[in-house]
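Engineer: pasting the sequence and the predicted model now:
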Amino acid sequence: MNTKLTNGGIWNDINGEPIHAHGGHILFHDDFYYWYGEDRRGDMYVSCYRSKDLFNWEFRNHILTTSTPVAPIRVRTNLGLVNEKGGKVNLERPKVLFNPATKKFVLWVHYENGNDYNDAACAIATSDSPDGHFVYHGSFNPFGYMSRDCTLFQDDDGTAYFISAARDNADLHVYRLQEDYLNVECLVGKLWQGEYREAPAVFKRNGKYYMLTSFCTGWEPNQGKYAMAHSMEGPWSMLSDFGDETTYHTQPAFVLKRSEQEFLYFSDRWNGADYFQSSYVVLPIEFHGDVPTLNDYSSLLFERETRSMMFER
Ligand code: GAL
């Protein structure tokens, strides 16, 4: 049993294999945490692991690969999961929500046909189970806008939002999704225009919404910032610093809310020279009143008696 994880180290699943779930997201469903993330090996795009304690991860499935079935819904601009040269496309920062009305697991991801990041599109896929083989529904530009680094957020009433970097990353857009989560319904915010914020991660605490973002420096880390709002539809506050000038060598992936008291910052420590050496860093978000702060810890310890997560300097 795994009772310790080292930030920035290799994290193995329960079979001793390194976990491939970068730029990811965790969905809590039927007593399990499902961790989805980028898996760029071979013909894979997105892999899924699950755990009850966040320490012992069981590999479940490669939920999106080059051979994932394609089923168009409505008008999508680009349907393939293989580009015109027969190579892989680029799928980044996959996020999955469960839609309570349709009972579908809905995945949104950043889509690029090639490595030049010129498509700046999003793509969606769905499944009837959290770790089943997803069906791919194609990529598109929401309301015609560019859409790169992205995240999803589901509010308590089931309303969901897609947040993504637009206008060559200069602006961060917030879109309310349609009830089935299969399309955008309305652009409700163009945030911090010209500030180049990316890697958005949203959480809600005491009725307030928080958004963490990074600046735009590719694989290199930079100063994280957060903002607060009383509604997902804004207005959002100005940006304030979060963590140190490299956010402890991380970029946000998502925030996991375990309870009203426990918010975990899940992030990537990218290795731009060798993507496959990229690792994970999880830190507790500590609050002073309403102000979230991030401190650096070297590892996560599993406290057997309380089954909780402790952090070691
Ligand atoms: C980062 C982005 C990553 C990836 C990378 C490529 O800024 O957050 O998801 O796109 O750039 O350089």
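Structural biologist: The structure has been received and is ready for your questions.
Engineer: which element is the residue of the chain found nearest the ligand on?
Structural biologist: Closest contact between the chain and the ligand, by CB to the nearest ligand atom, is at residue 218 (3.7 Å). Backbone N, C-alpha and C define where each C-beta goes, glycine included. Under the criterion DSSP states H and E, no helix or strand holds residue 218.
Engineer: my guess is it contacts residue 272, does it?
Structural biologist: Yes. Under the criterion of CB atoms under 8 Å, residue 218 makes contact with residue 272 at 6.6 Å.
Engineer: thinking again about what came up before, how many residues are close by the residue of the chain closest to the ligand?
Structural biologist: Residue 218 has 10 neighbouring residues, counting by other CB atoms under 10 Å.
Engineer: ok, now which ones touch it?
Structural biologist: Neighbouring residues of residue 218 by CB atoms under 8 Å, 6 or more residues apart in numbering: residue 272.
Engineer: now it: how far from residue 82?
Structural biologist: 25 Å (CB to CB, to the nearest Å).
Engineer: what's the answer for residue 287, then?
Structural biologist: Applying CB to CB to residue 287 and residue 82 gives a distance of 46 Å.
Engineer: confidence score at residue 35?
Structural biologist: Residue 35 is assigned 99 on the pLDDT scale.
Engineer: what are the bridge partners for it, then?
Structural biologist: Under DSSP bridges, the beta-bridge partners of residue 35 are residue 26, residue 49.
Engineer: quick check: it touching residue 56?
Structural biologist: No. Assessed by CB under 8 Å, residue 35 is found out of contact with residue 56, at 11.7 Å.
Engineer: which of these two has more neighbours?
Structural biologist: The residue with more neighbours, out of residue 35 and residue 56, is residue 35; 26 against 16, by other CB under 10 Å.
Engineer: residue contacts, the more buried one?
Structural biologist: Counted by CB under 8 Å, 6+ apart, residue 35 has contacts 19, 21, 24-26, 48-51, 57.
Engineer: I'd like those laid out as JSON lines, including neighbour count and distance to residue 6.
Structural biologist: Below are the contacts of residue 35 laid out as JSON lines (neighbours: other CB atoms under 10 Å; distance: CB to CB, whole Å):
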{"residue": "19", "neighbour count": "20", "distance to residue 6": "13"}
{"residue": "21", "neighbour count": "27", "distance to residue 6": "16"}
{"residue": "24", "neighbour count": "25", "distance to residue 6": "18"}
{"residue": "25", "neighbour count": "26", "distance to residue 6": "22"}
{"residue": "26", "neighbour count": "26", "distance to residue 6": "19"}
{"residue": "48", "neighbour count": "29", "distance to residue 6": "23"}
{"residue": "49", "neighbour count": "25", "distance to residue 6": "18"}
{"residue": "50", "neighbour count": "23", "distance to residue 6": "21"}
{"residue": "51", "neighbour count": "17", "distance to residue 6": "17"}
{"residue": "57", "neighbour count": "24", "distance to residue 6": "15"}
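Engineer: a markdown table for these, including pLDDT?
Structural biologist: Below are those laid out as a markdown table (pLDDT from 0 to 100):
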| residue | pLDDT |
| --- | --- |
| 19 | 98 |
| 21 | 98 |
| 24 | 98 |
| 25 | 98 |
| 26 | 98 |
| 48 | 99 |
| 49 | 99 |
| 50 | 98 |
| 51 | 98 |
| 57 | 98 |
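Engineer: among those, which one sits closest to residue 163?
Structural biologist: Closest approach between those and residue 163, by CB to CB: residue 25, at 12.4 Å.
Engineer: in this structure the closest one contacts residue 253, no?
Structural biologist: Yes. Counting by CB under 8 Å, residue 25 sits close enough to residue 253 to count as a contact (7.1 Å).
Engineer: mutual contacts of these two, please.
Structural biologist: 37, 93.
Engineer: surely residue 24 touches residue 254?
Structural biologist: Yes. The pair residue 24 / residue 254 is scored as a contact, 6.8 Å apart, by CB under 8 Å.
Engineer: shared neighbours, those two?
Structural biologist: residue 266.
Engineer: and stretch 12-30, end to end?
Structural biologist: In stretch 12-30, first residue to last residue: 23 Å (CA to CA, to the nearest Å).
Engineer: what does it contact?
Structural biologist: 2, 10-11, 33-41, 44, 47-49, 56-59, 92-98, 105, 130, 151-152, 253-254, 256, 266, 268, 270, 275, 278, 280.
Engineer: tell me which stretches of the stretch 101-250 of the chain form strands.
Structural biologist: 104-112, 121-127, 135-140, 150-154, 160-166, 171-177, 184-191, 198-205, 208-214, 224-229, 240-242 (DSSP state E, counting those that start in this stretch).
Engineer: those: which one's closest to residue 305?
Structural biologist: With CB to CB as the yardstick, what comes closest out of those is strand 198-205 (26.3 Å).
Engineer: distance between the closest one and the chain's centre?
Structural biologist: 9 Å (CA atoms, centre = their mean, to the nearest Å).
Engineer: now do stretch 174-189
Structural biologist: Distance of stretch 174-189 from the chain centroid (CA atoms, centre = their mean) equals 17 Å.
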